[in-house]
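Participant: sequence unavailable; structure follows:
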């Protein structure tokens, strides 16, 4: 479990506020509707909010990145995640799946889309493109029931949604399956998918239909 408050760093001579720097928490911490205690996002126009209360990143992906970025130190929390998870993968999680973590209940909402601040954290601008291309995005949780969480808590599936639209499906629709009309139509029917994604996909559906696809 990792948290961090925004700090100001310098990018090309200009100050930039970012909350991507996270550190492991000792003991238990309250998970609330918008974030963990002790955690904040810097730019609330693209980060945070109820659908992005908690960011989880699979610990298994770290081996991939150690091969991709040899010589770079990759401590837990390197990707700005709140939960460094085990056994949960984007290709297996449905949007809308519900889990119990500690005494909290959370729901999978969307993949993480990288921004330039990931480049600040890694000290290399190409990481944003590499991150998206890898489709190892991690995923966001909304908090349905506030509660205490701590390192080592199981993330226990309590309800699997009927809509089998995976976290990885949303990423693919954004990257390499932009014309997959069937999947686009399934995605917009998923109640748990945030409105920003639905609006984006509705526009794509309209464009494809207008083109006769």
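Facilitator: It's in. The structure displayed is predicted, hence computed values, not measured ones.
Participant: in contact with the residue nearest to residue 202 when sequence neighbours are not counted, which residues?
Facilitator: Nearest non-adjacent residue to residue 202, counting by Cβ to Cβ, 6 or more residues apart in numbering: residue 188, 5.9 Å away. Quick note: C-beta positions are derived from backbone N, CA and C, even for glycine. If you count contacts by Cβ atoms under 8 Å, 6 or more residues apart in numbering, residue 188 has them with 198, 201-202, 205.
Participant: in this protein, what helix or strand scores lowest on average pLDDT?
Facilitator: Least confident element among the helices and strands of the chain, by mean pLDDT, DSSP states H and E: strand 7-11 (a mean of 59).
Participant: which stretches of this structure form strands?
Facilitator: With strands called from DSSP state E, the chain shows them at 2-3, 7-11, 14-18, 23-24, 28-31, 54-58, 83-85, 98-101, 104-111, 139-145, 147-150, 155-159.
Participant: nearest to residue 121, of these?
Facilitator: Between residue 121 and the strands of the chain, the tightest spacing by Cβ to Cβ is seen for strand 14-18, at 7.7 Å.
Participant: show the backbone phi and psi for residue 95.
Facilitator: Backbone geometry at residue 95, expressed as degrees, to the nearest 10, gives phi -60, psi 120.
Participant: that one against residue 162, yeah?
Facilitator: No. Contact criterion Cβ atoms under 8 Å: residue 95 and residue 162 do not qualify, at 11.3 Å.
Participant: those two: who's more crowded?
Facilitator: For residue 95 versus residue 162, the count of surrounding residues by other Cβ atoms under 10 Å is larger for residue 95: 25 against 7.
Participant: which ones are touching that one?
Facilitator: When contacts are taken as Cβ under 8 Å, 6+ apart, residue 95 is in contact with 108-110, 161, 163, 165-167, 170, 187, 190, 192-193.
Participant: can I get these in a markdown table including pLDDT and neighbour count?
Facilitator: Formatted as a markdown table, the contacts of residue 95 follow (pLDDT from 0 to 100; neighbours: other Cβ atoms under 10 Å):
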| residue | pLDDT | neighbour count |
| --- | --- | --- |
| 108 | 98 | 24 |
| 109 | 98 | 25 |
| 110 | 98 | 21 |
| 161 | 92 | 17 |
| 163 | 79 | 17 |
| 165 | 97 | 20 |
| 166 | 98 | 20 |
| 167 | 98 | 26 |
| 170 | 98 | 25 |
| 187 | 97 | 23 |
| 190 | 96 | 22 |
| 192 | 96 | 18 |
| 193 | 97 | 21 |
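Participant: looking at those, which one is closest to residue 134?
Facilitator: Proximity of the contacts of residue 95 to residue 134 (Cβ to Cβ) peaks at residue 167, which lies at 13.6 Å.
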